[in-house]
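Novice: My questions are about this predicted structure, shown below with the sequence.
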Amino acid sequence: MKEIISGGIHGVVGGLTGNKVQQLAGAAPYLATNGEDVHCDIRSMVQCLQYLCHKEEDKAQHPYYETVLLQPGAMIPMHNESHNRAYNMALVSASTVVNFKVEGLGQAFSLTLPAGWSVLNMPDGTLWGLPSNASNNVAVKYCASNSVFGNAI
């Protein structure tokens, strides 16, 4: 994906630079007096390119947060595979029993998440939800990150 974005940016900047050069063609007096302006324009374009090329890399450095509403008896995907982060964690405000269904393991199993952050590190395709006998919905703050924090369960 980075290569596609980078290629597109190079094409756009090449076109803009070409247009600028064409505008300045035959304008030697302009270059003699405004050469510094042209240099500033080119430097600005280079800085924009560097920013855009590294934006996708920077995105992976930051944790991804999502508020998830777990409901009794309903299993939903964790979405950990879509964020390309090494760890997944959950923050709950009170001790909560959560069911997990991991692909290939068969039946769902329950874990009690203590109040605070819990390191889950479930594999891609994991479903999670509350047991059907839970009394209320529970809001969970889900985090996918390349840095681990919290307690392993």
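Specialist: Received, thanks.
Novice: Can you find the helix or strand in this structure with the smallest mean pLDDT?
Specialist: helix 2-24 (a mean of 57; mean pLDDT, DSSP states H and E).
Novice: All the strands of the chain, in order from the start?
Specialist: Remark: strands assigned in the chain by DSSP state E are 64-70, 76-77, 87-92, 96-101, 109-113, 116-119, 127-129, 138-145, 151-152.
Novice: quick one: which of these is nearest residue 43?
Specialist: Checking these against residue 43 by C-beta to C-beta gives strand 64-70 as the closest, at 33.4 Å. Heads up, the C-betas are built off the backbone N, CA and C, glycines and all.
Novice: Domain map for this protein?
Specialist: Domain ranges of the chain: 2-61, 64-152, per automatic domain parsing.
Novice: follow-up on the earlier one: output the strands of the chain as CSV; include the columns distance to residue 47, mean pLDDT and mean neighbour count.
Specialist: Formatted as CSV, the strands of the chain follow (distance: least, C-beta to C-beta, whole Å; pLDDT from 0 to 100; neighbours: other C-beta atoms under 10 Å):
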stretch, distance to residue 47, mean pLDDT, mean neighbour count
strand 64-70, 27, 90, 14
strand 76-77, 39, 90, 12
strand 87-92, 33, 89, 21
strand 96-101, 46, 94, 18
strand 109-113, 45, 93, 14
strand 116-119, 38, 91, 17
strand 127-129, 43, 93, 20
strand 138-145, 29, 90, 18
strand 151-152, 42, 59, 10
